[in-house]
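Undergrad: Sequence and predicted model, in that order:
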Amino acid sequence: MNRLVFLFLTFFAISITQSCATGTKSMMREDPLIGKIINTQTKQTVNFELLIKEISNYDVIYLSEKHNNPDHHHIQQRVIHALIENGLKPTIGFEFFSMDNTPDLLNFVDSGKVAHPKKIEKIIEADLRKKLGWDTQSDKMWKYYFDLLNIAKKEKLQVAGIDLPATLKKRITRKGINGISPLEKEQIFSTQLSDKAYKDYMFSIFKAVHCGMGHEKMQSRLYGTWVARNDKMASSITRLYYHGKGPIVIIIGGGHTEYGLGVVNRVTAVDKTISQVNLALREISVNPISLSGYLISLDLEGFKKAPPADFLWFTQRVSYADPCEEFKESLQKMKKSSKN
């Protein structure tokens, strides 16, 4: 497959996974599960108060999101406020920011110690957004995470980025983990976890993301980036645990925590004493399915059979559109090109 095809697929992977398409009211369907919180072990509905009581006992609380779903971010705010109201002082870790961004995030939190006019607040926000590299992102996406940062500022909470720097992630994807420089490799933490079954599983996910079009070289690079990111985030979370007093609340995409894999089992690999709970904010499926369809466990060789998360909180979908349709014509051309 030529370089043009490879670059298209890499761009396509980013586009389709970060798509912010929205569905109209007429496209949305009602579902009795929307708004319900399910304990996946008991398969029973729990109310919000019981949920907060149960997750408060853990060292790390994952609030696993669909990045562009506003309901998920509202729920995250609600959970964090409830933890605070119960006397806890959570530390908030963000997938969307790197550990290198942490001083800028903390400077923003510290700015809340002094009252500023709205005009100055806007300047502070714009400065932070630029430093974080978010000045080119959509205002809507920025607001989701800035609202959480504002809670931290108001409540004087510790915050941190947990991911790799954006440029390093791009270089790993472009050059491969073995293609980056020794100096760059020194910035990467490794849990030394390696399992073919998990790699094959992730390859199948990458292929599905590409609407059935697989390319081994591209998948290998995506997997290398995926592992490097999960390892880094696991390392960051353990560091936050060692330095934090309250529970660590992690704002993260659901793919990094699903079935207790990705980041979750890597935190365990670093420190088995850290207790973790995953509250997955789950969009309902495109077509109606029963609750049991959402609770199917992943049976992966070498891993404990596990449900998707400890708790599922069901929400409306952002979109019911097929993301592959937009790229269908281009994908067909790519497939023909790959055969020549």
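TA: That came through, no problem.

Undergrad: ok, which stretches of the stretch 151-300 of the chain are helices?
TA: 166-175, 182-185, 196-209, 216-243, 263-270, 291-294 (DSSP state H, counting those that start in this stretch).

Undergrad: What are the contacting residues of the last one?
TA: It stands for helix 291-294. For helix 291-294, the external contacting residues (Cβ atoms under 8 Å, 6 or more residues apart in numbering) are Leu33, Ile38, Lys43, Arg282, Ser285, Pro308, Leu312, Phe314. (Glycine included, C-beta is placed from N, CA and C.)

Undergrad: ok, and for that helix, which residues are buried?
TA: For helix 291-294, the neighbour count (16 or more other Cβ atoms under 10 Å) marks Tyr294 as buried.

Undergrad: Pick out the residue closest to the middle of this protein.
TA: Centrality entry for the chain: nearest residue to the mean C-alpha point is Gly253, 1.7 Å, by Cα atoms, centre = their mean.

Undergrad: How much space separates that residue from Trp134?
TA: Using Cβ to Cβ, to the nearest Å, Gly253 is found at 16 Å from Trp134.

Undergrad: Then Thr91?
TA: Between Thr91 and Trp134 the computed distance is 21 Å (Cβ to Cβ).

Undergrad: out of the two, which sits in the more crowded spot?
TA: Shown here are Thr91 and Trp134; by other Cβ atoms under 10 Å, Thr91 has more neighbours (21 against 18).

Undergrad: Would you check how far apart that one and Asn265 are?
TA: 21 Å.

Undergrad: what ranges of the stretch 151-300 of the chain fall below the confidence cut-off?
TA: Low-confidence segments of the stretch 151-300 of the chain, defined by pLDDT under 70: 210, 212-214.

Undergrad: For the nearest residue to Gln158 once chain neighbours are set aside, what are phi and psi?
TA: Once flanking residues are discounted, Gln158 sits nearest to Thr91: 4.3 Å by Cβ to Cβ, 6 or more residues apart in numbering. Thr91 adopts backbone torsions of phi -100, psi 140, taken as degrees, to the nearest 10.

Undergrad: Wait, Thr91 touches Val159, no?
TA: Yes - applying Cβ atoms under 8 Å, one finds Thr91 in contact with Val159, separated by 7.1 Å.

Undergrad: Based on its surroundings, how many neighbours for Asn47?
TA: 10.

Undergrad: same question, Lys175
TA: Applying other Cβ under 10 Å, I find that Lys175 has 14 neighbouring residues.

Undergrad: now do Leu132
TA: Number of residues near Leu132 (other Cβ under 10 Å) recorded here: 23.

Undergrad: same thing with Tyr58?
TA: Per other Cβ under 10 Å, the neighbour tally for Tyr58 reads 16.

Undergrad: and what of Glu216?
TA: Glu216 has 9 nearby residues by other Cβ under 10 Å.

Undergrad: Ok, the one 10 residues further on next?
TA: For Trp226, the count of nearby residues is 21 (other Cβ under 10 Å).
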